[in-house]
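# No sequence on hand, only this structure:
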């Protein structure tokens, strides 16, 4: 307990009680055995309580007696076993980082790389939990309903907080109100690839083949409503071709079928595709970014080919349930900024064609709102609807 003296009154900061229910006491004055009046309010440190003793009636009273009275009454009035449990230093037990797709692919790569370093920084286990389905919105809904204590986090994506709000009519969460932004981690531009057995060498060849075989060429995605799916739909709109969409539960199984030739085309990020591009099993045709992909300098951008609207990147960030204490959000943000600045982390991301972001929680909040506005307009203009 910290305290400092304020003239005729006494000010106490109950920093040891971060879980206290301050709403019951905020802006309420009440008497302690007629010796003093106290005002209770949050102290700005993640929910702790500040108790200010005012107007001491009997200045001759021993100071310690007044302090003990205030402590006893406040503790009896607001403290429960759960409050005291939440008062433990954060983190005191393992943290779950929920990933919106099965193992394999860009999201899983980001989560495991960052999660391992976060565990070291916090001296606590970070458990990666993969929950695929509905382009990640199922996992996002589960995290939104979790206890806002910093022990359940979501690796959120363009699908859960950019596309989903406009693609699904009955989204089971509010992407703004139900989450506390922590940090934007990275962006990964999409790449259009085809199976090596497909008799095409360019985007123009794909368009010509698709028009000759309407509805016969299939493109794979990591799931309905994700960025790879929307990239395929936008490509169909811009080129006026008819492609069949085949959704999978994650990039991993989609790439397996792409290599086998069961589907012809896929839009995804480098972590999922690069090993098979290098081996010659997949052929890259275009990068959906303003500049050429750093790992594929000989592959043109869609803008170079006359399709500037094909500018689509996966992005990954971390969010917590709404009402997570600000102190915890700040701690996580600070540790993650340090992690993203580590040379080995920067190199690992660069090797996968990812651009590290970082920044404040407020900046991430602004970015997500801009993404929602952008994708809302794009989905409406292209007439893309949920399948």
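Looks like it came in fine. Keep in mind that what you see is a predicted model, and the values were worked out from it rather than measured.
# which ones are touching residue 114?
Counting by C-beta atoms under 8 Å, 6 or more residues apart in numbering, residue 114 makes contact with 185, 318, 336, 339-340, 345. Heads up, the C-betas are built off the backbone N, CA and C, glycines and all.
# which one among the residues you listed gets closest to residue 248?
residue 185 (23.7 Å; C-beta to C-beta).
# The contacts of residue 114 in helices, which ones?
336, 339-340, 345 (DSSP state H).
# can I get these in JSON lines with pLDDT and distance to residue 193?
Compiled in JSON lines, the ones in helices among the contacts of residue 114 are given as follows (pLDDT from 0 to 100; distance: C-beta to C-beta, whole Å):
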{"residue": "336", "pLDDT": "98", "distance to residue 193": "31"}
{"residue": "339", "pLDDT": "98", "distance to residue 193": "30"}
{"residue": "340", "pLDDT": "98", "distance to residue 193": "28"}
{"residue": "345", "pLDDT": "97", "distance to residue 193": "26"}
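# out of everything not next to it in sequence, what's closest to residue 182?
Distances taken as C-beta to C-beta, 6 or more residues apart in numbering put residue 318 closest to residue 182, at 4.4 Å, once the chain neighbours are dropped.
# The one you found and residue 335 touch, don't they?
No - with contact defined as C-beta atoms under 8 Å, residue 318 does not count as touching residue 335 (10.7 Å).
# So between those two, which is more surrounded?
More crowded of residue 318 and residue 335, by other C-beta atoms under 10 Å: residue 318, with 26 against 16.
# just checking, what packs against the strand or helix carrying residue 255?
Element membership of residue 255, judged by DSSP states H and E, is helix 251-260. Applying 3 or more C-beta pairs under 8 Å, 6 or more residues apart in numbering; DSSP states H and E, one finds that helix 251-260 contacts strand 191-195, strand 218-221, strand 265-268, helix 270-278, strand 282-287.
# Show me the longest strand that occurs in this protein.
strand 179-189 (DSSP state E).
# Show me how far that strand is from its chain's centre.
5 Å (C-alpha atoms, centre = their mean, to the nearest Å).
# Helix 270-278 and that strand, what's the angle between them?
Using axes from the mean of the first three to the mean of the last three C-alpha atoms, to 10 degrees, one finds that strand 179-189 and helix 270-278 are set 20 degrees apart in direction.
# Summarise which helices and strands strand 179-189 is packed against.
Where contact means 3+ C-beta pairs under 8 Å, 6+ apart, strand 179-189 is packed against helix 106-122, strand 152-157, strand 313-321, helix 326-340, strand 355-358, helix 361-382.
# Count the residues that sit near residue 97.
For residue 97, using other C-beta under 10 Å, the count is 20.
# so it bridges to which residues?
Under the criterion DSSP bridges, residue 97 forms beta bridges with residue 128, residue 153.
# cool, residue 186 as well?
Bridge pairing for residue 186 - DSSP bridges - gives residue 316, residue 356.
# what's the domain layout of this structure?
2-86, 93-387 (automatic domain parsing).
# Go through those domains and pick out the most buried.
domain 93-387 (a mean of 19; mean count of other C-beta atoms under 10 Å).
# now the longest strand of the chain and strand 313-321, what's the angle there?
Using the same axes, to 10 degrees, strand 179-189 lies at 160 degrees relative to strand 313-321.
# What separation do you get for the residue nearest to residue 321 when sequence neighbours are not counted and residue 352?
Of all residues not flanking residue 321 in the chain, residue 148 sits nearest, at 4.2 Å (C-beta to C-beta, 6+ apart). Using C-beta to C-beta, to the nearest Å, residue 148 is found at 32 Å from residue 352.
# ok, now which ones touch residue 135?
Counted by C-beta under 8 Å, 6+ apart, residue 135 has contacts 100, 159-160, 163-164, 167, 223-226, 229.
# Please flag which of those residues sit within helices.
164, 167, 229.
# Once you drop chain neighbours, what's closest to the last one?
Spatial nearest neighbour of residue 229, excluding adjacent residues (C-beta to C-beta, 6+ apart): residue 221 at 4.0 Å.
# for the one you found, which residues make a bridge with it?
With DSSP bridges as the criterion, residue 221 is bridged to residue 247.
# That one touches residue 265, doesn't it?
No - checked against C-beta under 8 Å, the pair residue 221 and residue 265 is beyond contact range at 9.9 Å.
# Overlap in contacts, those two.
In contact with both residue 221 and residue 265: residue 232, using C-beta under 8 Å, 6+ apart.
# circling back: got the angle for the helix holding residue 255 vs helix 106-122?
Going by the same axes, to 10 degrees, helix 251-260 makes 140 degrees with helix 106-122.
# For residue 268, give me its contacts.
105-106, 190-191, 193, 221-222, 228, 251, 254-255.
# a markdown table for the residues you listed, including distance to residue 178 and pLDDT?
A markdown table is the format used below for the contacts of residue 268 (distance: C-beta to C-beta, whole Å; pLDDT from 0 to 100):
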| residue | distance to residue 178 | pLDDT |
| --- | --- | --- |
| 105 | 25 | 72 |
| 106 | 24 | 81 |
| 190 | 27 | 97 |
| 191 | 32 | 97 |
| 193 | 35 | 98 |
| 221 | 26 | 93 |
| 222 | 23 | 85 |
| 228 | 25 | 92 |
| 251 | 26 | 86 |
| 254 | 29 | 94 |
| 255 | 32 | 96 |
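# I'd like to know which of those residues is nearest to residue 200.
Distances from residue 200 to the contacts of residue 268, taken by C-beta to C-beta, are shortest for residue 193, at 11.0 Å.
# quick one: that closest one from residue 251, how far?
In terms of C-beta to C-beta, residue 193 sits 12 Å off from residue 251.
# could the contacts of residue 268 go into JSON lines alongside distance to residue 180?
Shown next, in JSON lines, are the contacts of residue 268 (distance: C-beta to C-beta, whole Å):
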{"residue": "105", "distance to residue 180": "26"}
{"residue": "106", "distance to residue 180": "24"}
{"residue": "190", "distance to residue 180": "28"}
{"residue": "191", "distance to residue 180": "32"}
{"residue": "193", "distance to residue 180": "36"}
{"residue": "221", "distance to residue 180": "29"}
{"residue": "222", "distance to residue 180": "26"}
{"residue": "228", "distance to residue 180": "28"}
{"residue": "251", "distance to residue 180": "28"}
{"residue": "254", "distance to residue 180": "32"}
{"residue": "255", "distance to residue 180": "34"}
